[in-house]
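Chemist: sequence first, predicted coordinates after that:
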Amino acid sequence: MPDVLSGKSSFSMPTPKPKLRKVTKAKKINTDVPSQMNEETLIWSGESSNQTKAQKEFNDALRKHKETIERTKEIEPLFQLVNDTYLNVVLPELNKQKQLERERFELMCSILLEEKLSFGKMQREFLRRYLLDMCNDALAEDSEFYTPFRDQLETKFEKMERIRYKNQMESRIKQTFGVEIDLDDFNRTQFDSDEEREVHEEKYRDFREKYEEYRSEYFRKSQSGFKEKSKSKAQMEKEKKQLEAERLLSTDINSLFKNLAKLIHPDKEQDPILREKKAKLMTKLSGARDNLNIAEILEIKLQVDELIPNQQTNVSFHDTSIKRFVGIIKSKIRELEDSIKQRFFTHPLMADFPSSKITKETLDVYLKRVKLDNQMVTKAYQKEVDQLTKEPKYIKEMIRELQSLGVQF
């Protein structure tokens, strides 16, 4: 993400040059977040009649770009708040729920398998299928705990079908990859030591590598199987214009880079203080040029003109060039906004966040609700465990509740 730079500048335009003035933003910045947004920023000024439409659009785009960068910095402590809440509040609750769910499952299996209560035929079958589904869902996570229960809950027919399917899959793997594996062992997740885990990974390394090659080849053939549709004349024209715009933009960037580089090359500077400042700017300029980051190059230009006001950059841009700059800056703005959303809304705690606008106030309300919801779930699990421990017949009430919710097998 580019740093925000500031300074004075005037573009050499075919139209009358507008005067410049400094504008200090009044917006309060979060002092807890490192930021250069406290610096003064420069905008086109003067009578509106002296500004072209392209200049005004550029001005607005550059201001929005700076504000978006500021926003990304203000968002950082909010993201930290989300992460801290997840690690210190929500995750411990989830671990409690996981443990209570196991206790609840074990109690329910005990009541059914040890025949501590009498059930009707339909009640018994409903409970058995419910517990078997829970068991199969949790096997991959903790096979050591759930496998013995699966073996007791399965009917003879279900067991035969599972073994038949397992043997069928192992046979297909051998035919396809020439490797014999035991799927039950392959899917293990619990190990007594790191050494045992490493031995297990090494045992199936060859199969995993062959499978990844097979998978990549499969998707490659699938994609090449689709015939590429012939492009319409309008599409070809659009692509041609886009390539031309990129070529012109690259030309503009190179012209500006060369002029700026001549002015700030540190080897030509005798003053040690100026030499250090120019060296820093040169590093930023080179990175911006390599990334074709026009927004940062233009901001570096502003700071160069501030640093050496008597040696303005000798580059003339027409409105068509400025319009291309505006397009690139707007693209960078969208990327920054998308990165904010991507970072927040891929976090496991933010899946149900009700608004796309993230503020400290809305986040505090949401995190408080998440915390209370998780505490309520933990209490519900604890209540069922306590009830099943004291009164095994409570399980019948649980069955009726599940059936009323439409759970079917």
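Modeler: Arrived safely, thanks for sending.
Chemist: give me the buried positions along the strand or helix carrying Lys258.
Modeler: Element membership for Lys258, per DSSP states H and E: helix 233-264. Buried positions in helix 233-264, judged by neighbour count with 16 or more other C-beta atoms under 10 Å: 249, 252-253, 255-257, 260, 263-264. C-betas here are computed from N, CA, C, even on glycine.
Chemist: and Cys135, how many neighbours does it have?
Modeler: 21 (other C-beta atoms under 10 Å).
Chemist: swap in Ile69?
Modeler: Ile69 has 22 nearby residues by other C-beta under 10 Å.
Chemist: which strands and helices sit next to the strand or helix carrying it?
Modeler: Per DSSP H and E, Ile69 falls inside helix 53-85. Helices and strands touching helix 53-85, by 3 or more C-beta pairs under 8 Å, 6 or more residues apart in numbering; DSSP states H and E, are strand 41-44, helix 294-307, helix 319-345, helix 360-390.
Chemist: what's the mean pLDDT across the helix or strand following it?
Modeler: Using DSSP H and E, the helix or strand that follows helix 53-85 towards the C-terminus is helix 91-113. Per-residue pLDDT over helix 91-113 has a mean of 95.
Chemist: could you report the pLDDT at Gln312?
Modeler: 57.
Chemist: what angle sits between the helix holding Ile69 and helix 360-390?
Modeler: 30 degrees (axes from the mean of the first three to the mean of the last three C-alpha atoms, to 10 degrees).
Chemist: helix 53-85: which residues count as buried?
Modeler: 54-55, 57-59, 61-62, 65-70, 72-75, 78-79, 82, 85.
Chemist: residue ranges with poor pLDDT in the stretch 251-400 of the chain?
Modeler: Within the stretch 251-400 of the chain, the segments meeting pLDDT under 70 span 292, 295, 310-318.
Chemist: let's go with 80 and repeat that
Modeler: Where the stretch 251-400 of the chain drops to pLDDT under 80, the residues are 251-256, 268, 291-299, 301-303, 305-306, 308-325, 327-329, 355-357.
Chemist: same deal with the stretch 101-250 of the chain?
Modeler: 188-190, 220-233, 235, 238-250.
Chemist: now with 70?
Modeler: In the stretch 101-250 of the chain (pLDDT under 70), the answer is 223-231, 245-246, 248-249.
Chemist: need phi/psi at the residue in the chain sticking out farthest from the centre.
Modeler: Note on the chain: the largest C-alpha distance from the chain mean falls to Ser118, namely 51.4 Å (C-alpha atoms, centre = their mean). Ser118 adopts backbone torsions of phi -90, psi 130, taken as degrees, to the nearest 10.
Chemist: likewise for Tyr130?
Modeler: phi -60, psi -50.
Chemist: show me what counts as buried in the helix or strand harbouring Glu158.
Modeler: Using DSSP H and E, Glu158 maps to helix 156-177. Neighbour-count burial for helix 156-177 flags 170, 173, 177 (criterion: 16+ other C-beta under 10 Å).
Chemist: just give me the closest of those residues to Ser355.
Modeler: Ile173 (47.6 Å; C-beta to C-beta).
Chemist: roughly how far apart are the residue nearest to the closest one when sequence neighbours are not counted and Ile395?
Modeler: Nearest in space to Ile173, with sequence neighbours left out and distances taken as C-beta to C-beta, 6 or more residues apart in numbering, is Ile181 at 6.1 Å. Noted for Ile181: a distance of 39 Å to Ile395, by C-beta to C-beta, to the nearest Å.
Chemist: out of those two, which sits in the more crowded spot?
Modeler: Ile395 (21 against 16).
Chemist: so Ile358: helix, strand or coil?
Modeler: Here Ile358 is recorded as coil under DSSP: H, G, I helix; E, B strand; the rest coil.
Chemist: and it, how far from Lys277?
Modeler: As judged by C-beta to C-beta, Ile358 and Lys277 stand 36 Å apart.
Chemist: same question, Ile69
Modeler: For Ile69 relative to Lys277 (C-beta to C-beta), the value is 21 Å.
Chemist: which residues sit against the helix holding Glu158?
Modeler: 132, 151, 154, 179-184, 207, 210-211, 214 (C-beta atoms under 8 Å, 6 or more residues apart in numbering).
Chemist: spatially nearest residue to Tyr86 (excluding sequence neighbours)?
Modeler: Leu349 (4.5 Å).
Chemist: apologies, that question was intended for Lys393.
Modeler: Leu117 (5.9 Å).
Chemist: so what's the one you found up against?
Modeler: Here Leu117 is in contact with 111, 392-393, 395-396 (C-beta under 8 Å, 6+ apart).
Chemist: now the residues you listed: which count as buried?
Modeler: Buried members of these, counted by 16+ other C-beta under 10 Å: 111, 392, 395.
Chemist: in a markdown table: the residues you listed, plus distance to Phe105.
Modeler: Listed next are the buried ones among the contacts of Leu117 as a markdown table, based on distance: C-beta to C-beta, whole Å:
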| residue | distance to Phe105 |
| --- | --- |
| Ile111 | 11 |
| Pro392 | 14 |
| Ile395 | 12 |
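Chemist: for those, which one is nearest Glu244?
Modeler: Nearest member of the buried ones among the contacts of Leu117 to Glu244, counting by C-beta to C-beta, is Ile395, at 73.2 Å.
Chemist: surely that closest one touches Ser110?
Modeler: No: using C-beta atoms under 8 Å, Ile395 is not in contact with Ser110; the gap is 10.1 Å.
Chemist: against Gln375, how distant is Glu180?
Modeler: Taken as C-beta to C-beta, the span from Glu180 to Gln375 is 49 Å.
Chemist: I should have written Glu161 there, sorry.
Modeler: For Glu161 relative to Gln375 (C-beta to C-beta), the value is 41 Å.
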